[in-house]
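Student: Turn this into a model:
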Amino acid sequence: MDEARILVEKLAVKMLASGSWVATAESCTGGNIAHQITLVPGSSAWFRGGVVSYTNQVKMNVLGVPEELIERYTEVSHQVAEAMAEGARRAAGADFAVSTTGIAGPTGATATDPVGTVYIGVSTPSKVASKRVVFGTDRQHNIERFTIAALEMLLANV
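Tutor: Numbers count the residues shown, from 1 in each chain. You can find the predicted model right below:
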């Protein structure tokens, strides 16, 4: 994951220069974003921590995602990605947070979201944003691409 390492190193520079903190909330990436961040020496100076919220119960109970959002939009949605990012930022006392929720595969596709779909949320002191990206059907490749896409979106918003 050389691409992820480069992105994390760029993120580190920005966080250290501004004295800011980052947190993560991950579902379909299973902690891979946090893992990539902690591979970089010195990340403890700007990374607060992360939550692997693989189930809706953890999304609701730990990150504070309203059950109504999950019921109305499903856990794989812009709304839940944004709520996850906000919840992680709040819980960790961070300035920025990134979240992922999606379908890594090989199963789980829906009529609107095929395997390889990820919703990425970012929460900053001034806004919350999300985007949907669709990759392929290979689970490992999807997790890697989801991680890179999330890091890119986070970098674009710090």
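Student: where do the helices sit along the chain?
Tutor: For the chain, the helices defined by DSSP state H cover 2-18, 32-38, 56-61, 67-73, 78-92, 139-156.
Student: Adding distance to residue 45 and mean pLDDT, write those helices out as JSON lines.
Tutor: For every residue, glycine as well, the C-beta is placed using N, CA and C. As requested, those are arranged in JSON lines below (distance: least, Cβ to Cβ, whole Å; pLDDT from 0 to 100):
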{"stretch": "helix 2-18", "distance to residue 45": "6", "mean pLDDT": "97"}
{"stretch": "helix 32-38", "distance to residue 45": "11", "mean pLDDT": "98"}
{"stretch": "helix 56-61", "distance to residue 45": "27", "mean pLDDT": "98"}
{"stretch": "helix 67-73", "distance to residue 45": "33", "mean pLDDT": "98"}
{"stretch": "helix 78-92", "distance to residue 45": "14", "mean pLDDT": "98"}
{"stretch": "helix 139-156", "distance to residue 45": "17", "mean pLDDT": "97"}
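Student: Can you tell me which of the ones you listed is packed in deepest?
Tutor: When you average the neighbours per residue for each of those (mean count of other Cβ atoms under 10 Å), helix 78-92 leads with a mean of 24.
Student: still on that earlier bit, nearest to residue 127, of the helices of the chain?
Tutor: The stretch from those with the least distance to residue 127 (Cβ to Cβ) is helix 78-92; that distance is 9.9 Å.
Student: circling back: could the helices of the chain go into CSV alongside distance to residue 129?
Tutor: Compiled in CSV, the helices of the chain are given as follows (distance: least, Cβ to Cβ, whole Å):
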stretch, distance to residue 129
helix 2-18, 17
helix 32-38, 17
helix 56-61, 19
helix 67-73, 16
helix 78-92, 7
helix 139-156, 8
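Student: Much appreciated, bye for now.
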